[in-house]
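Chemist: sequence? don't have it. structure:
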């Protein structure tokens, strides 16, 4: 197994892609530390990993709070002694409304989790990875970071900033054996998509809401387990030769990834 003796932190690990990626990394031998805000979801993920014979710990934490991130990092080092992989997956879709109607508190929440959480987690683990001589940071981005979709403005801005954070970190850490790459999962069958559809046609408009509903009904939403294979690839030695990339499963084929 390619992650024997490796330790991975996965944020937003209670459900969706975070859960699938944590389980996939565990199957490859990693000790996985789950981080999230909902204890029951973390317990469910941890239980599945333990049932499969994996090593796992879970910590309830809000990645937008520096003290929580520091507590997670200190706990991981105390329990496992190292940090090899960080997957910044925690995110909220945010208020679905025009940007000029987004309240400052809503804006701060979206940016604090989607962007600030990745910054704080990277800031906490990079010194550890530098001392170890290397590591992997995977930032879960979104195609909405590169396009304009009304009503999704706060989320889109947070992901656009995360894309640039990924590239800057990658360049700064290029000589330290730390690869930083972005994973654009596409549209997945996750609780976040449930929430988007649940917003209804009155808010999203009939056409956009209808498209999201059809994607679910026609089976066009990716299972998170499929995308988790890309997370494993980006956490593996196969990604040693590139950094600062942001893309989907198809984009990473040029580096040898097989969806």
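Modeler: Structure's in. What do you need? None of the values given here were measured: they were computed from a predicted structure. Residues are numbered from 1 along each chain as shown.

Chemist: CA atoms for contacts and neighbours, from now on please.
Modeler: Fine.

Chemist: List the buried residues of the one helix or strand residue 105 maps to.
Modeler: For residue 105, the host element (DSSP states H and E) is helix 104-111. For helix 104-111, the neighbour count (16 or more other CA atoms under 10 Å) marks 107, 108, 109, 110, 111 as buried.

Chemist: for residue 212, what are its contacts?
Modeler: residue 197 (CA atoms under 8 Å, 6 or more residues apart in numbering).

Chemist: Next one: it from residue 18, what distance?
Modeler: Distance from residue 212 to residue 18, counting by CA to CA, to the nearest Å: 22 Å.

Chemist: Need the nearest residue in space to residue 129, chain neighbours excluded.
Modeler: residue 135 (5.4 Å; CA to CA, 6 or more residues apart in numbering).

Chemist: The one you found bridge partners, please.
Modeler: Listed beta-bridge partners, residue 135: residue 178 (assigned using DSSP bridges).

Chemist: can you check residue 188 too?
Modeler: Assessed by DSSP bridges, residue 188 has beta-bridge partners residue 222.

Chemist: Quick check: it vs residue 246, distance?
Modeler: Distance, residue 188 to residue 246, by CA to CA: 17 Å.

Chemist: do the same with residue 95
Modeler: Counting by CA to CA, the gap from residue 95 to residue 246 is 25 Å.

Chemist: same question, residue 212
Modeler: From residue 212 across to residue 246, the span is 24 Å (CA to CA).

Chemist: Pop out the phi and psi values for the most centrally placed residue in the chain.
Modeler: In the chain, the residue lying closest to the centroid (CA atoms, centre = their mean) is residue 89, at 1.6 Å. Main-chain dihedrals, residue 89, degrees, to the nearest 10: phi -110, psi -20.

Chemist: same deal with residue 241?
Modeler: phi -90, psi 0.

Chemist: where does it land on pLDDT?
Modeler: At residue 241, the pLDDT value in this model is 95.

Chemist: same question, residue 222
Modeler: So residue 222 comes in at 86 (pLDDT).

Chemist: how about the strands in the stretch 101-250 of the chain?
Modeler: Applying DSSP state E, counting those that start in this stretch to the stretch 101-250 of the chain gives strands spanning 135-140, 178-183, 246-247.

Chemist: Show me what the first one packs onto, helices and strands only.
Modeler: Using 3 or more CA pairs under 8 Å, 6 or more residues apart in numbering; DSSP states H and E, the elements in contact with strand 135-140 are strand 85-88, helix 117-132, strand 178-183, helix 224-235.

Chemist: Please render those as a markdown table that adds distance to residue 255 and mean neighbour count to the earlier fields.
Modeler: A markdown table is the format used below for the helices and strands packed on strand 135-140 (distance: least, CA to CA, whole Å; neighbours: other CA atoms under 10 Å):
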| stretch | distance to residue 255 | mean neighbour count |
| --- | --- | --- |
| strand 85-88 | 19 | 28 |
| helix 117-132 | 23 | 19 |
| strand 178-183 | 12 | 28 |
| helix 224-235 | 10 | 22 |
